[in-house]
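> sequence plus the predicted model coming up.
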Amino acid sequence: MLRHMRYVLGAAVLTIVGCGDSASDRFAHLPDVVFPSDAPRPSTLAPDAPPPSVARRLPTSAYPAGWIPPGGKISGRWSSIVIHHSATDVGGAARFDRDHRISRGWDELGYHFVIGNGTDTGDGVIEVGPRWTKQKHGAHCKTPNNYYNDHGVGICLVGNFEKTRPSAAQLAALRRLIAFLCAEGRISSDRIYTHGGVTRQTACPGRNFPSVATLRPRGAVAASDLGGHK
């Protein structure tokens with residue numbers, strides 16, 4: 001009997017030690033996820049409950065300046081990514097900020113990030129908007145319940161992709177930024193959308209924009225695998 005009790009206690013200790021592995025270790029050996037096509041368009045009413053407002057503290061040195069907000073924390077409010085084009089041949093964050101303030105009467109730039117095309121900024125340069133710095137709601141994707149402004153990270157690529165295609169540098173930058181947001185912002189890989197894919201009332205980001213499936217981080221874990229937004 002004593003020998004049996006020692007065996008049970010020893011097994012319990014081993015089980016507790018095993019639970020100490022980090023989430024990254026648990027997912028490190030999963031095979032790459034293959035996405036055959038874009039996911040169905042989401043409902044504009046977004047029935048999902050908003051994610052919990054739990055901030056995560058991250059090392060600022062591991063990423064480009066500005067990607068980690070001041071204080072090293074990303075809010076837990078973000079549940080999705082919404083991609084746009086500017087529908088203009090030229091532009092950058094400063095130009096769009098002026099337009100949003102003057103022409104639309106907004107308080108500041110509506111997007112969280114802008115990716116340049118070589119006009120106002122370099123091709124593929126990622127500009128961080130003040131809304132991301134403040135971890136503030138967006139002004140880029142209006143829906144009946146405003147879910148994708150409240151909980152969606154807005155990324156705008158400079159260009160009119162009804163006429164042209166995004167550059168290779170822009171797409172590479174977009175993939176890097178999406179991978180960062182999915183990994184560090186805890187945004188599920190199946191919550192990456194285009195503006196038109198959410199509202200159905202616009203062609204943004206244009207007919208020449210590639211499939212969202214080509215932008216998803218390889219090996220990323222979807223909400224369905226985790227039981228929802230984490």
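Received, thanks. As the structure is a prediction and not an experimental result, all values here were calculated from the model.

> against R175, how distant is R216?
9 Å (CB to CB, to the nearest Å). All C-beta atoms are positioned from the backbone trio N, CA, C, and that covers glycine.

> now tell me which helix or strand of the chain has the poorest mean pLDDT.
Counting by mean pLDDT, DSSP states H and E, the weakest-scoring helix or strand in the chain turns out to be helix 23-27, with a mean of 32.

> and the helix or strand containing A169, which residues are buried?
Per DSSP states H and E: A169 is located in helix 168-184. For helix 168-184, the neighbour count (16 or more other CB atoms under 10 Å) marks 169-171, 173-174, 176-182, 184 as buried.

> how close does H137 get to D150?
H137 sits 5 Å away from D150 when distances are taken as CB to CB.

> shared neighbours of the two, which are they?
Contact criterion CB atoms under 8 Å, 6 or more residues apart in numbering; residues bridging H137 and D150 by contacting each: R77.

> tell me the mean pLDDT for the helix holding A169?
Across helix 168-184, pLDDT averages out at 96.

> after it, next one along is what?
Using DSSP H and E, the helix or strand that follows helix 168-184 in sequence is strand 192-194.

> any chance you could map the strands in this structure?
Using DSSP state E, the strands found in the chain span residues 56-57, 73-74, 80-85, 113-117, 123-128, 152-157, 192-194.

> for N145, grab the count of nearby residues.
Other residues near N145 come to 13 when the count uses other CB atoms under 10 Å.

> remind me which residues of the chain are low pLDDT?
Applying pLDDT under 70 to the chain flags the ranges 1-62, 219-230.
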